[in-house]
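here is a sequence with its predicted model. Questions after.
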Amino acid sequence: MDRHAQVIDVDGLQLLIEVLASRGYTVMGPTVRDGAVVVAPVAGVADLPRGLRDEQDAAHYRLVPRDDDAFFGHAAAVQGAKPVLFPADQLLWRARRSEDGFRLDASDDDDAAPVALLGARSCDLAAVDIHDEVLLRRRFSDAHYAQRRAGTFVVAVTCGDPAGTCFCASTGTGPRPGAGFDLLLTELLEPVHRFLVEVGSVRGAEVLAEVPAAPAGPGDLAAADDVVVRATGRMGRVLETEGLRDVLYAAAESPHWDDVASRCLACTSCTLVCPTCFCTSVEDVADLTGDVAERHRVWDSCFSKDFAYIHGGSLRGETRSRYRQWITHKLAAWQDQFGMLGCVGCGRCITWCPAAIDITAEAAALRAATPLVTTGEGARR
Ligand code: SF4
Ligand code: SF4
């Protein structure tokens with residue numbers, strides 16, 4: 001990455017949003033809705049969650065005032081890029097009855113304006129990279145995702161104040177975005193409110209050229225580095241990843257699954273907020289006249305009973321099997337399947353689980369309860 005960084009002020013941030021809009025992007029950034037920071041269209045800095053911090057813990061989320069004016073003083077939004085690039089409901093096609101049969105319309109969902117993601121966090125970019133691997137880089141690619149992804153402009157932000165449920169430092173996916181952005185902002189509050197801007201692409205440089213900016217000095221760069229150091233030291237959770245794949249495989253018949261199942265409601269919330277989960281189902285809908293029929297792809301979840309339904313029964317009829325499937329896929333099988341962890345340490349599944357089930361605590365409990373495992377790579381816990 002080019003670290004010939006520049007500095008913009010708050011007016012520059014406003015202008016950056018306006019430049020992106022003038023280039024035809026729908027700017028999607030953090031904003032407050034129903035007492036939470038969500039990703040939604042923003043027209044300017046007035047829409048950003050200024051002076052707010054998110055207090056997050058297992059089954060707990062509150063917005064509280066900060067003692068400064070930070071625009072990005074919160075951790076990851078309730079959902080990240082997933083609903084933007086991989087919508088919960090994607091129209092695949094629409095069929096209309098005609099005199100000689102029926103006519104298929106292409107999905108009109110893909111005609112939407114390209115999106116500029118403002119304020120994307122490092123965990124979110126890591127999750128997008130996972131979706132790129134799953135949905136773009138393999139033998140078959142997802143045309144709808146490819147179209148949205150190709151047009152997306154990313155303005156990432158370095159996390160300065162991780163939440164109590166964050167653990168991206170454990171998964172190696174944060175807090176500083178390393179790739180996958182066009183521009184990277186690091187918000188600096190002292191002695192004056194400003195943003196260090198680093199360029200990650202040619203189009204990022206073109207956009208920044210339209211915003212008044214000054215070259216960053218050594219003090220700006222040092223302050224931005226300090227934001228990363230402090231954020232790394234303030235992660236709310238830790239996930240021990242060494243040997244975790246072997247631990248989970250060895251724990252396949254652990255009695256601990258019954259313990260989790262006694263708490264888990266199989267509500268699917270964790271999979272819906274998870275930025276890496278990509279399982280879907282297909283739903284066909286017809287209107288009352290029978291003249292129009294649509295096929296939609298909708299998010300599904302391995303916690304739903306029907307998800308594993310084949311030939312007259314569900315493979316995973318019990319909650320213990322579903323939780324085991326979810327965490328084993330995320331932290332173990334995903335490594336064999338895609339060559340990476342399926343978890344980016346965003347902590348959303350912990351915050352938004354109504355039963356306060358914590359993936360880091362469950363992984364630690366399984367590790368503690370699982371005897372030493374010997375693999376070809378040596379003994380591991
Ligand atoms: S782990 Fe929590 S969020 Fe996930 S299905 Fe169970 S109760 Fe719902
Ligand atoms: S499993 Fe939980 S912590 Fe990991 S990426 Fe998904 S929501 Fe975030």
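Cool, got the structure. Ligands and ions are numbered 1, 2, ... in the order given.

skip the chain neighbours and tell me the closest residue to whichever residue of the stretch 101-250 of the chain sits closest to ligand 1.
Minimum separation of the stretch 101-250 of the chain from ligand 1 (Cβ to the nearest ligand atom) falls at residue 165, amounting to 12.7 Å. Where C-beta positions appear, they are placed from N, C-alpha and C, glycine not excepted. Nearest non-adjacent residue to residue 165, counting by Cβ to Cβ, 6 or more residues apart in numbering: residue 347, 3.0 Å away.

and the one you found, what does it touch?
56, 75-76, 163-167, 236-237 (Cβ atoms under 8 Å, 6 or more residues apart in numbering).

pull up the per-residue confidence for it.
Note for residue 347: predicted pLDDT of 98.

and for the one 4 residues further on?
Model confidence at residue 351, given as pLDDT, is 98.

hmm, it is touching residue 237, no?
No - using Cβ atoms under 8 Å, residue 351 makes no contact with residue 237, being 10.7 Å away.

look at these two and report which has more neighbours.
Between residue 351 and residue 237, residue 351 has the larger neighbour count (other Cβ atoms under 10 Å), namely 29 against 23.

dump the residue contacts of that one.
Contacts of residue 351 were listed using Cβ under 8 Å, 6+ apart, and they are 56-61, 163, 165, 273.

also near ligand 2: which of the residues you listed, exactly?
With respect to ligand 2, and counting by Cβ under 6 Å from any ligand atom, the subset of these in contact is residue 273.

now for the contacts of residue 351: which two are most distant?
The two members of those with the most space between them (Cβ to Cβ) are 57 and 273, at 15.0 Å.

one step back: which neighbours do residue 351 and residue 237 have in common?
Looking at what touches both residue 351 and residue 237 (by Cβ under 8 Å, 6+ apart), the common residues are residue 165.

could you pull out the strands for the stretch 51-200 of the chain?
Under the criterion DSSP state E, counting those that start in this stretch, strands of the stretch 51-200 of the chain are mapped to 52-57, 60-65, 89-98, 101-106, 115-120, 153-157, 183-188, 194-199.

and the first one with strand 60-65, angle?
Here strand 52-57 runs at an angle of 160 degrees relative to strand 60-65 (axes from the mean of the first three to the mean of the last three Cα atoms, to 10 degrees).

partners of strand 52-57 in the sheet?
For strand 52-57, the pairing partners within the sheet under DSSP bridges are strand 60-65 (antiparallel).

need the contact partners of the partner strand.
Outside strand 60-65, the residues within contact range by Cβ under 8 Å, 6+ apart are 32, 35-37, 49, 51-55, 74, 78, 351-352, 356.

can that strand be said to contact ligand 1?
No - residues of strand 60-65 are not located near ligand 1 by Cβ under 6 Å from any ligand atom, the shortest gap being 13.3 Å.

what do you get for stretch 263-271?
Yes - Stretch 263-271 lies within reach of ligand 1 by Cβ under 6 Å from any ligand atom, at 264-270.

residues from the stretch 251-381 of the chain in reach of ligand 1?
264-270, 303, 353-355, 357.

closest to residue 208 among these?
Relative to residue 208, and with distances defined as Cβ to Cβ, the nearest of those is residue 270, at 37.5 Å.

and for the nearest residue to that closest one once chain neighbours are set aside, the neighbour number?
Taking Cβ to Cβ, 6+ apart as the measure, residue 270 lies nearest to residue 349, with 3.7 Å between them; neighbours along the chain are not counted. Taking other Cβ under 10 Å as the criterion, the count of residues near residue 349 is 24.

does the helix or strand containing residue 349 reach ligand 2?
Following DSSP states H and E, one finds residue 349 within helix 348-351. Yes - Helix 348-351 reaches ligand 2 (Cβ under 6 Å from any ligand atom) through 348-349.

and this protein, what are its domains?
Each structural domain of the chain that the record assigns through automatic domain parsing is listed here as a residue range: 2-87+110-232, 244-279+303-380.

could the contacts of residue 347 go into a markdown table alongside pLDDT?
Putting the contacts of residue 347 into a markdown table (pLDDT from 0 to 100) gives the following:
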| residue | pLDDT |
| --- | --- |
| 56 | 97 |
| 75 | 96 |
| 76 | 91 |
| 163 | 96 |
| 164 | 96 |
| 165 | 98 |
| 166 | 97 |
| 167 | 97 |
| 236 | 93 |
| 237 | 97 |
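
ok, so of these, who is nearest residue 294?
residue 76 (32.7 Å).

the closest one contacts residue 345, correct?
No - checked against Cβ under 8 Å, the pair residue 76 and residue 345 is beyond contact range at 9.7 Å.

so which of those two has more stuff around it?
Shown here are residue 76 and residue 345; by other Cβ under 10 Å, residue 76 has more neighbours (33 against 30).

contacts only, for that one.
Contact analysis of residue 76 by Cβ under 8 Å, 6+ apart lists 121, 123-124, 159, 163, 166, 346-348.

brilliant, that's me finished.
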